[in-house]
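*Asks:* Give me the fold of what follows.
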Amino acid sequence: MNRLIAIAAGAGAVAALAVGCGSSSSSSSKPASTPSSSSSAPAASAAVHTANSKYGQILVDGSGRTLYMLTADKGPTSTCYNTCASIWPPETTTGMPANSGVTASLVSTTARTDNTMQVTYNGHPLYTFSHDAKAGDVNGEGIATFGGTWYVVGTNGNAITAVPSTTPSTPAPSTSGGGGGYNY
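*Replies:* Numbers count the residues shown, from 1 in each chain. Predicted structure coming up:
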């Protein structure tokens, strides 16, 4: 249900932005910079950490917000600018990101065409999701938009595409005994 609400809210935001931006044109060869909730100015040093979620151990930023990757990105090159970047703010930095709980050699940066540096992990550019209201939210998982699908990132640097299965916790109540589980 939360995913449906997030998708509907995201679709509404995209539609509103498209209406507001539909008739503008730019002679610049670079995509326009777009303000985002996590980057009014790039963090001096972003951070990549881990946190537990229903998807297992995932990557989060220094504020505990979930980090995502986009399948449309090819290698470390981001394809998310303008409207995309306003909904999926890139995790940017001006220095090497701090990290803990991750493989440090997988943490890096890549240049964006808007002259900022984006944090990467295992070669994937990282983003937050504007509809994740607080640390621990994973509302962007599995959303297909902007030419690809968005996934949370595991500590191995790969997309997590499903909730991991768990071992059965409690056996189902027995219905034997003729009462269907009811006491008469």
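
*Asks:* From here on, just use CA atoms for contacts and neighbour counts.
*Replies:* OK.

*Asks:* In contact with Gly123, which residues?
*Replies:* Gly75, Pro76, Leu106, Ser108 (C-alpha atoms under 8 Å, 6 or more residues apart in numbering).

*Asks:* As TSV, those with distance to Phe129, secondary structure and pLDDT would be great.
*Replies:* Shown next, in TSV, are the contacts of Gly123 (distance: C-alpha to C-alpha, whole Å; DSSP: H, G, I helix; E, B strand; the rest coil; pLDDT from 0 to 100):
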residue	distance to Phe129	secondary structure	pLDDT
Gly75	20	coil	94
Pro76	19	coil	96
Leu106	22	helix	97
Ser108	20	strand	96
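
*Asks:* show me the contacts for Ala46.
*Replies:* Taking C-alpha under 8 Å, 6+ apart, one finds Asp61, Gly62, Glu91, Thr92, Thr93, Thr94, Gly95, Met96, Pro97, Ala98, Val119 in contact with Ala46.

*Asks:* Look up how far Glu141 lies from it.
*Replies:* Here Ala46 is placed at a distance of 22 Å from Glu141 (C-alpha to C-alpha, to the nearest Å).

*Asks:* Ok, Ala133 next?
*Replies:* From Ala133 to Glu141 the distance is 14 Å (C-alpha to C-alpha).

*Asks:* Gly101 contacts Gln57, doesn't it?
*Replies:* No: using C-alpha atoms under 8 Å, Gly101 makes no contact with Gln57, being 9.7 Å away.
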